[in-house]
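Undergrad: Just a sequence and a predicted model for now, questions to come.
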Amino acid sequence: MNTALSLHGQEEVSNINVDHLLVELNRYRQQSEWLRQVNALHARLASATDLQGMIEGFSVWLMPQVEHDLIAYRSIAQRRLHLICSGHGPDRRLAMETAREVFEKVDCQLDDTCCEWGPYFVQQWSLSFSSGQGCLMLLRRGRCIEESEAQILRDALEIMEEPLQRALDYEDLFEQARRDMLTGLDNRRVFEERIGPLLDTARRYSRPITVASMDLDHFKQINDTLGHAAGDNALRLVAKTLARMVRSSDLLVRMGGDEFLLVLPDTALAAAKILAERLCLAIDSLSLNAGDGSKLGISIGLVQWRPEWSREEWLQRADEVLYQAKKAGRCRVCVEEQ
């Protein structure tokens, strides 16, 4: 009898040991699989330098584990939005419109809480970086994000924190390299990047394109009589005024000093002249005293591009017409007749 009880006890202990071993083996498999997934995520993040590429790589990595229609990241301080959508056609447009609407109306107030929004379920996670706050959004149809899926995202976001910070720093440096630091306008580098494609489009589709070469009147007197701080302030006010009056499709550039260029796609000379005259009036209405009794103004030379011209010839002609405007009395628009 005692022998039978002893054998029974050994069987129970053996079963307990086997069950424990199976549990441990399963936990080990899960840990090994997660480690493999982590290594795969690191590899995807390492291959992306910009934020858009990083979010796209994260979306591809996440899809087998957490199905989704869209992932979006919004940098709150920089007001930048990156959207990665797996849909096409109307589904894609609806998903992207929904994401923008959620960001606009709740702005990451749904932190780590699944919410139904139209045909989609939405969940957001707030992120903190040295450069400011960010918000990651996951959006999908059909069902809410489960707790196990949300935990995968939380763990992944811890891994992504450093690469995301690196991408944000890269974006800031890239943006600074393309901006005039004093006025915030595009700089000469942006002009060199964009002018070729703009002229190619004008040539291919026979569309008009006009350049306005602009130079401030009496700016030197401001620097000489009132100081460079006053001159810098005048440049900022002029840049703000010009930027407010042009289209987003136009190319407004500070070329250096008090020289600006405005490239007007799909704009013939007559329409460009109307805008240029408005710009002259707007700068004149700033009533910026040059310190010697004169007032800051702007002179503008307009030339519509011709397909037989090189870019250099076009810009040279615009400079010559600008000189004519200066010579004719300043604070005026001069046009090269066709």
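TA: Nice, thanks for sending it over. Numbers count the residues shown, from 1 in each chain.
Undergrad: domain assignment for this protein?
TA: 48-177, 188-335 (automatic domain parsing).
Undergrad: Quick one: mean pLDDT over the longest one.
TA: Put plainly, it is domain 188-335. Domain 188-335 shows a mean pLDDT of 93.
Undergrad: Also the shortest one?
TA: Mean per-residue pLDDT for domain 48-177: 84.
Undergrad: Centre of the chain to that domain, how far?
TA: Relative to the mean C-alpha coordinate of its chain, domain 48-177 is positioned 15 Å out (C-alpha atoms, centre = their mean, to the nearest Å).
Undergrad: And the longest one, by the same measure?
TA: Using C-alpha atoms, centre = their mean, we find the averaged C-alpha position of domain 188-335 to lie 26 Å away from the chain's own average C-alpha position.
Undergrad: next SSE after the strand or helix carrying Ile159?
TA: Ile159 is part of helix 147-177 when elements are defined by DSSP states H and E. Downstream of helix 147-177, the next assigned helix or strand under DSSP H and E is helix 188-204.
Undergrad: At the geometric centre of the protein, which residue sits there?
TA: Closest residue to the average C-alpha location of the chain: Arg80 at 4.8 Å, with C-alpha atoms, centre = their mean.
Undergrad: follow-up on the earlier one: and the helix holding Ile159, which residues are buried?
TA: Of the residues in helix 147-177, Glu149, Ala150, Ile152, Leu153, Ala156, Met160, Pro163, Leu164, Gln165, Ala167, Leu168, Glu171 count as buried by neighbour count, 16 or more other C-beta atoms under 10 Å. (Glycine included, C-beta is placed from N, CA and C.)
Undergrad: farthest pair in those residues?
TA: Greatest spatial distance among these (C-beta to C-beta): Glu149 and Glu171, at 28.6 Å.
Undergrad: Dihedrals phi and psi, Gly87?
TA: Backbone geometry at Gly87, expressed as degrees, to the nearest 10, gives phi -80, psi 180.
Undergrad: That one: what's it in contact with?
TA: Asp69, Leu70, Leu94, Ala95 (C-beta atoms under 8 Å, 6 or more residues apart in numbering).
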